[in-house]
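Visitor: just to be clear, the model below is a prediction. Sequence and coordinates:
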Amino acid sequence: MSFNQLGLSAELLAVIGAQGYTTPTPIQQQAIPAVLAGNDMMACAQTGTGKTAAFVLPILHRLMLNHDQAGRIPRDGVSPRVLVLVPTRELAVQVEQSVRDYGRNSRVRSLAVYGGARIGPQFQALRRGVDFLVATPGRLMDHMQQRTLDLRRIEVLILDEADRMLDMGFIHDIRSIVGRLPAKRQSLMFSATFSDEIRGLAREFLTTPKSIEVASRNATAANVTQVVIPVERDRKKELLLSLFENRGLNQVLVFTRTKHGADSLARYLDKAGIRSTAMHGEKTQSVRTKALADFKRGKLVALVATDVASRGIDIDDLPYVVNYDLPHVPEDYVHRIGRTGRAGASGEAISLVCADERIQLRDIERLLKRDLERRDIEGFETVLAPIAQRRAGPRPGTRPGARPGSRPTNRPNRVPGQWIKSGPAKAANDSVERGESARRENVRSTGTDGAPRSGAPARIARSPGRFGNARPQGRRFA
Ligand code: AMP
């Protein structure tokens, strides 16, 4: 199928051609005609599927339909006609940039409003008049409360990454905002996952929507290799570093669960010569924008991000995603993995999993409906005990003083950091008690980010071991 068959105007087709797009992606093939026809729509599509163009293009088409001789878009006063709600500032900026890019042959005026930026200039831009408004719910509420925004003439509402907005607790804001919109409007909702909560939201905000699903429910891209590396929690940093050094990883998006964890890991990698920076909600917008630009340009080898900060990061050809911590919400795994292997490129998603993350791993595998492949790294081997019934008494044959949850091996030395084993997900036939005590120990000895707490020195700090000696100091990747 070609873009010519979708019913878009010649102006838009010219822009699409200039962007170098030859074929509409599956979501675009289905969504563009439906949006042009004025339908409400519920689309299950991840970032990377071309979902932004799937709604921006047909809406631009409709806005441009009645433009005057000078190309001006008819507008009633200064009230916007299109409202896109997004979970994060990064996504707000990116969606608005897409509106500018695709709308550059038009006089459509767009604006992104989001927190962390000064409200004054946003207020002035709103006063001058905007057609296409992209906003995070919190900042939009601020504008509504300050009466600097009139939403009574919104014709189209788009909830982008609706699942993420729910996760971030925006539901009340979204209800208040939607409550101010005209009942007669077109509403579109995009979500990477199709949970029951999302279906409920669709029932609440959409009217007989057309349902579109481009990937199977909660699927990850087939061209992304996904592996799990079992590792003890306090050796994760060391293992990650060895992966960078021995496998020459470059342009890696690393996920941590906490902001503190992101900061601490980025510092650690940077000190070890892997140029890294952290990206999380406490960083200012300008710092986040710069970090992303540096990462895209290859000035940074690793970007260490929390889930929230990573939303909307749009990087073509991102080759690696590392889950330094597994997310608590299994759907977040799908979001994270969606950052790599876009547009058919191959990608690799590596999860470093310790004993106290076995439940998250199980939940992710249930969601994906398959087991992820386990691989051991020489020098870091450990066994993730299965989650099973608690059994009374010590496990027969447990070595006195052995580290719970781990099983050191007597393998001969091999090149550190290399894959040494691959096979289907299989845990040792181990008792739960071991896993539970491992969890307890991890709770005792590590902080929330997995960094050792004072008084509980981590193994890596006590002994640099083979890696400490083998590592060329200050090595940098281009
Ligand atoms: P999105 O899913 O909206 O985040 O888009 C992911 C990337 O795909 C963006 O960098 C777009 O520029 C690109 N893209 C969107 N539509 C197409 C298309 N039809 N052909 C090639 N690339 C596209």
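Guide: Arrived safely, thanks for sending.
Visitor: Thr256 contacts Ser276, doesn't it?
Guide: No. Thr256 is beyond contact range of Ser276, at 11.5 Å (criterion: Cβ atoms under 8 Å). (C-beta placed from N, C-alpha, C; glycine too.)
Visitor: which other residues reach stretch 25-39?
Guide: Residues outside stretch 25-39 that contact it (Cβ atoms under 8 Å, 6 or more residues apart in numbering) are 1, 6-8, 24, 41, 43, 45, 49-51, 53-55, 57-59, 61-62, 186, 188, 209-210, 212, 214.
Visitor: in that stretch, which residues are buried?
Guide: Neighbour counts over stretch 25-39 (16 or more other Cβ atoms under 10 Å) mark 25-36, 39 as buried.
Visitor: does it reach the ligand?
Guide: Yes. Stretch 25-39 reaches the ligand (Cβ under 6 Å from any ligand atom) through Thr25, Gln28.
Visitor: show me the shaky parts of the stretch 351-478 of the chain.
Guide: Scanning the stretch 351-478 of the chain for pLDDT under 70 picks out 388-478.
Visitor: repeat the analysis, applying 50 as the threshold.
Guide: The stretch 351-478 of the chain contains residues with pLDDT under 50 at 390-416, 421-478.
Visitor: what of the chain?
Guide: For the chain, applying pLDDT under 50 flags the ranges 216-218, 390-416, 421-478.
Visitor: hang on, the earlier thing: return the member of the buried residues of stretch 25-39 nearest to the ligand.
Guide: Nearest to the ligand, judged by Cβ to the nearest ligand atom, of the buried residues of stretch 25-39 is Thr25 at 4.8 Å.
Visitor: any idea how far Thr52 is from that closest one?
Guide: From Thr25 across to Thr52, the span is 11 Å (Cβ to Cβ, to the nearest Å).
Visitor: ok, Pro33 next?
Guide: In this view, Pro33 and Thr52 are 17 Å apart by Cβ to Cβ.
Visitor: what of Met165?
Guide: Per Cβ to Cβ, Met165 is found 16 Å from Thr52.
Visitor: looking at the two, which one has more neighbours?
Guide: Higher neighbour count among Met165 and Thr52: Thr52, with 26 against 23, using other Cβ atoms under 10 Å.
Visitor: residues touching that one, list them.
Guide: So Thr52 contacts Gln94, Val95, Ser98, Asp160 (Cβ under 8 Å, 6+ apart).
Visitor: and it, its phi and psi?
Guide: For Thr52, the backbone dihedrals are phi -70, psi -50 (criterion: degrees, to the nearest 10).
Visitor: ranges for the strands of the stretch 51-200 of the chain?
Guide: Secondary structure of the stretch 51-200 of the chain (DSSP state E, counting those that start in this stretch): strands at 82-85, 110-113, 132-135, 156-159, 186-191.
Visitor: check which helices and strands the first one sits against.
Guide: Contacts of strand 82-85 with other secondary structure elements, assessed using 3 or more Cβ pairs under 8 Å, 6 or more residues apart in numbering; DSSP states H and E, are made with helix 51-64, strand 132-135, strand 156-159, helix 171-179.
Visitor: need these in TSV (columns: distance to Lys296).
Guide: Formatted as TSV, the helices and strands packed on strand 82-85 follow (distance: least, Cβ to Cβ, whole Å):
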stretch	distance to Lys296
helix 51-64	17
strand 132-135	21
strand 156-159	25
helix 171-179	30
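Visitor: among the ones you listed, which is nearest the ligand?
Guide: Proximity to the ligand, assessed across the helices and strands packed on strand 82-85 by Cβ to the nearest ligand atom, is greatest for helix 51-64 (3.2 Å).
Visitor: can you name the residues that contact the residue lying closest to Val252 once chain neighbours are set aside?
Guide: In space, and not counting its chain neighbours, Val252 is closest to Tyr320: 4.3 Å by Cβ to Cβ, 6 or more residues apart in numbering. Neighbour list for Tyr320: Leu249, Asn250, Gln251, Val252, Leu253, Thr340, Gly347, Glu348, Ala349, Ile350 [criterion: Cβ under 8 Å, 6+ apart].
Visitor: nearest residue to Ile119 in space, please, no chain neighbours.
Guide: Counting by Cβ to Cβ, 6+ apart, Asp142 is the residue found nearest to Ile119 once chain neighbours are left out, at 6.5 Å.
Visitor: that neighbour: neighbouring residues, count only.
Guide: Using other Cβ under 10 Å, Asp142 has 18 other residues around it.
Visitor: try the one 10 residues further on
Guide: Arg152 sits with 10 neighbouring residues when counted by other Cβ under 10 Å.
Visitor: how far does stretch 11-20 sit from its chain's centre?
Guide: Averaging C-alpha positions (Cα atoms, centre = their mean, to the nearest Å) puts stretch 11-20 28 Å from its chain's average.
Visitor: and if you look at stretch 25-32?
Guide: Offset of stretch 25-32 from its chain centre (Cα atoms, centre = their mean): 22 Å.
Visitor: make JSON lines from the contacts of Thr52 and add distance to Val15 and neighbour count to it.
Guide: Shown next, in JSON lines, are those (distance: Cβ to Cβ, whole Å; neighbours: other Cβ atoms under 10 Å):
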{"residue": "Gln94", "distance to Val15": "17", "neighbour count": "22"}
{"residue": "Val95", "distance to Val15": "16", "neighbour count": "25"}
{"residue": "Ser98", "distance to Val15": "11", "neighbour count": "20"}
{"residue": "Asp160", "distance to Val15": "20", "neighbour count": "25"}
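Visitor: of the residues you listed, which belong to helices?
Guide: Gln94, Val95, Ser98 (DSSP state H).
Visitor: closest one of the residues you listed to Val224?
Guide: Nearest to Val224 among these: Gln94, at 21.3 Å, using Cβ to Cβ.
Visitor: returning to that earlier point: need the winner for burial among the helices and strands packed on strand 82-85.
Guide: strand 132-135 (a mean of 27; mean count of other Cβ atoms under 10 Å).
Visitor: quick one: is it near the ligand?
Guide: No. Counting by Cβ under 6 Å from any ligand atom, the ligand has no neighbours in strand 132-135; the shortest distance is 13.0 Å.
Visitor: which secondary structure elements does that strand contact?
Guide: When contacts are defined as 3+ Cβ pairs under 8 Å, 6+ apart, strand 132-135 packs onto helix 51-64, strand 82-85, helix 89-102, strand 110-113.
Visitor: got the angle for the first one vs strand 186-191?
Guide: So that's helix 51-64. Here helix 51-64 points in a direction 170 degrees away from that of strand 186-191 (axes from the mean of the first three to the mean of the last three Cα atoms, to 10 degrees).
Visitor: with the third one instead?
Guide: With the same axes, to 10 degrees applied, the angle from helix 89-102 to strand 186-191 works out at 130 degrees.
Visitor: which residues sit against helix 89-102?
Guide: For helix 89-102, contacts defined as Cβ under 8 Å, 6+ apart pick out 12, 15-16, 19, 52-53, 56-57, 60, 84, 86, 108, 110-117, 132, 134-136, 160-161, 285, 288-289, 292, 309, 311-314.
Visitor: just the buried members of those residues?
Guide: In these, the ones that pass as buried (16+ other Cβ under 10 Å) are 12, 15-16, 52-53, 56-57, 60, 84, 86, 108, 110-115, 117, 132, 134-136, 160-161, 288, 292, 309, 311-314.
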